[in-house]
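Novice: no FASTA, just this:
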Ligand SMILES: Nc1ncnc2c1ncn2[C@@H]1O[C@H](COP(=O)(O)OP(=O)(O)O)[C@@H](O)[C@H]1O
Ligand SMILES: [Mg+2]
């Protein structure tokens, strides 16, 4: 075996670590580049705001954009309050006993369940058993169940970051546990909770499997009337036009991907801005 | 006259016996100091007097602590009312990340003690005056409390306690994060407050105990070793461990 001088091995390891980082970034940069390059020519205002026509080969993708946004927003609206309440319970009230530990373990592991399993669960429970049919509400409920463990985990992190000394100071003034949570813990945890929620929106916007059986329609060239309607969604629409439609113009496929990418990136950027903003105004 | 009577009091952290059969009578409107080496249970004893230890999982107690003749470990006791009567100041200043005004008004507003704005304003002013922070803070009431110096923050924490009108104030090493000058000022404040409040202070600083307290309790390994007039504890203690400790010969 060759023995390298300490200085050389130092340089070499730096180089390897740096290359690994570059290697991780290249595919992402490449994907973005290819999508933008091929899609930008079809990305017009009309594309964003009109109905599809000619068997989806022409027109726009408005129903898919609105479908995705309505499902995702309904899902976060359902999951956020429940997740925050559960996080408050687990963090501020639950005794550290076997049951609590099992619940915490379950939440951590639920975050690792493949999303297609949630799709099947949603199909079984919401679409069939509760007879909601394939609809916005069934898709939103499915996504909200899928995202719940993540929301709980990020909310717990936010609650944990509020110093214990604030709680003690409040309790020692004779303020009740709930009032302490209400007036001290929650306001200070809110930035973290909101940032986590925005990231959740970004993450579930691109999910395909959970809404495939529960909400997504193949082709509906008009807008939904209620939450009980089926809708087109961006990820599923992208899958269909990429694989199921012969002679599909390539730039339309890439433009659709670009729109989906932009929605997700916008949310991520919003979360980053929110975090910077809140950090600037957080004084502890 | 004694304000706080601690009788056969024991406290356990789950299985760890942290306070062993404590008996002590704390006099009204006097400063009582609790001294002893680190880990002997000073904070635990202090935190038993307003039941803030209740918030730690696994804590259980036996025996009694009577305040004005009422056992605070009685089931019927409302801990909210108890804690308003027995205020607490912590080792590190811990103002809320709110304005100076909101810090002092917090207990009043959240406990709904007063709802009249004028009365709240008056109480805030009175409380800040009592800790000698008013002159400095009167033009900055709506600035963040975290912009104050550590000493001012600790004064603010005392004002926050005073605002909810306690009779007893517990202080757990309130000067340990302050410099000597600030320490001296806070000590002066305690002497001033003493004509209105019964004060119990934990300190690892024996000079401080000697300077400001009337009575001193010496603790060791969860036990109360000796309790007497401060003068007596520091000049002529009955028990050898006390003498070793106050003379710095403690090994
Ligand atoms: N939350 C806790 N859980 C378990 N043991 C504790 C806890 N707090 C304090 N103790 C133990 O109780 C003993 C007394 O602690 P404390 O009252 O903080 O001592 P002091 O204030 O005199 O330094 C120490 O041995 C400490 O390790
Ligand atoms: Mg201590």
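Specialist: Noted; the coordinates are in hand. The structure displayed is predicted, hence computed values, not measured ones. Ligands and ions are numbered 1, 2, ... in the order given.
Novice: what's around residue B:72, how many residues?
Specialist: The criterion is other Cβ atoms under 10 Å in any protein chain shown. On that basis, residue B:72 has 20 neighbouring residues. In this view, the C-beta of every residue, glycine as well, is placed from N, C-alpha and C.
Novice: To clarify, my last question referred to residue B:121.
Specialist: A count of nearby residues for residue B:121, using other Cβ under 10 Å, gives 14.
Novice: Secondary structure element holding it?
Specialist: Using DSSP states H and E, residue B:121 maps to helix B:117-130.
Novice: now swap in residue A:196 and tell me
Specialist: helix A:186-205.
Novice: other SSEs contacting whatever helix or strand comes next after that helix?
Specialist: As assigned by DSSP H and E, the chain's next helix or strand after helix A:186-205 is helix A:209-212. Packing partners of helix A:209-212 (3 or more Cβ pairs under 8 Å, 6 or more residues apart in numbering or on different chains; DSSP states H and E): helix A:115-122, helix A:136-160, helix A:234-243.
Novice: try 6 Å
Specialist: If contacts are counted by 3 or more Cβ pairs under 6 Å, 6 or more residues apart in numbering or on different chains; DSSP states H and E, helix A:209-212 sits against helix A:115-122, helix A:136-160.
Novice: Give the buried residues for stretch B:69-85.
Specialist: By 16 or more other Cβ atoms under 10 Å in any protein chain shown, the buried positions in stretch B:69-85 come out as B:72-73, B:79-80, B:82-85.
Novice: got the residues of chain B near chain A?
Specialist: Residues of chain B lying near chain A by Cβ under 6 Å from any Cβ of the partner chain: B:52, B:57, B:80, B:83-84, B:88, B:94, B:97, B:107, B:110-111, B:144, B:146, B:164.
Novice: give me the low-pLDDT residue ranges for the stretch 151-284 of chain A?
Specialist: Within the stretch 151-284 of chain A, the ranges that satisfy pLDDT under 70 run A:281-284.
Novice: who touches stretch B:217-235?
Specialist: B:18-20, B:22, B:24, B:34-36, B:40-42, B:210, B:213-216, B:237, B:239, B:241-242, B:246 (Cβ atoms under 6 Å, 6 or more residues apart in numbering or on different chains).
Novice: Quick check: helices, which of these are part of them?
Specialist: Residues of the contacts of stretch B:217-235 located in helices (DSSP state H): B:42, B:210, B:241-242, B:246.
Novice: Now do the SS call for the residue positioned nearest the centre of chain B.
Specialist: Centroid check for chain B by Cα atoms, centre = their mean gives residue B:170 as the closest residue, at 1.4 Å. Here residue B:170 is strand, with the state taken from DSSP: H, G, I helix; E, B strand; the rest coil.
Novice: Make sure it is actually in contact with residue B:46.
Specialist: Yes - in this structure residue B:170 lies within contact range of residue B:46 using Cβ atoms under 6 Å: 5.1 Å.
Novice: ok, then the element right after the helix holding residue B:121?
Specialist: Following helix B:117-130 in sequence order, the next helix or strand is helix B:134-137 (DSSP H and E).
Novice: For that next one, list every residue counted as buried.
Specialist: Along helix B:134-137, the positions that meet the burial threshold by neighbour count (16+ other Cβ under 10 Å) are B:134, B:137.
Novice: what sits up against it?
Specialist: Contact with helix B:134-137 is made by B:100, B:128, as judged by Cβ under 6 Å, 6+ apart.
Novice: Contact partners for residue 158?
Specialist: This is for chain A. Contacts here follow Cβ under 6 Å, 6+ apart; on that basis residue A:158 touches A:189, A:192-193.
Novice: Let me rephrase: I mean chain B.
Specialist: The neighbourhood of residue B:158, defined by Cβ under 6 Å, 6+ apart, consists of B:89, B:131.
Novice: Roughly how far does it sit from residue B:186?
Specialist: 8 Å (Cβ to Cβ, to the nearest Å).
Novice: sorry, back to before: and the helices and strands packed on helix A:209-212, which is most packed in?
Specialist: helix A:136-160 (a mean of 24; mean count of other Cβ atoms under 10 Å in any protein chain shown).
Novice: angle of it against helix A:115-122?
Specialist: Relative orientation of helix A:136-160 versus helix A:115-122 (axes from the mean of the first three to the mean of the last three Cα atoms, to 10 degrees): 120 degrees.
Novice: continuing past helix A:136-160, what's the next helix or strand?
Specialist: Using DSSP H and E, the next helix or strand after helix A:136-160 towards the C-terminus is helix A:164-171.
Novice: Check which residues of that next one are buried.
Specialist: When neighbours are counted by 16+ other Cβ under 10 Å, the buried residues of helix A:164-171 are found to be A:165-171.
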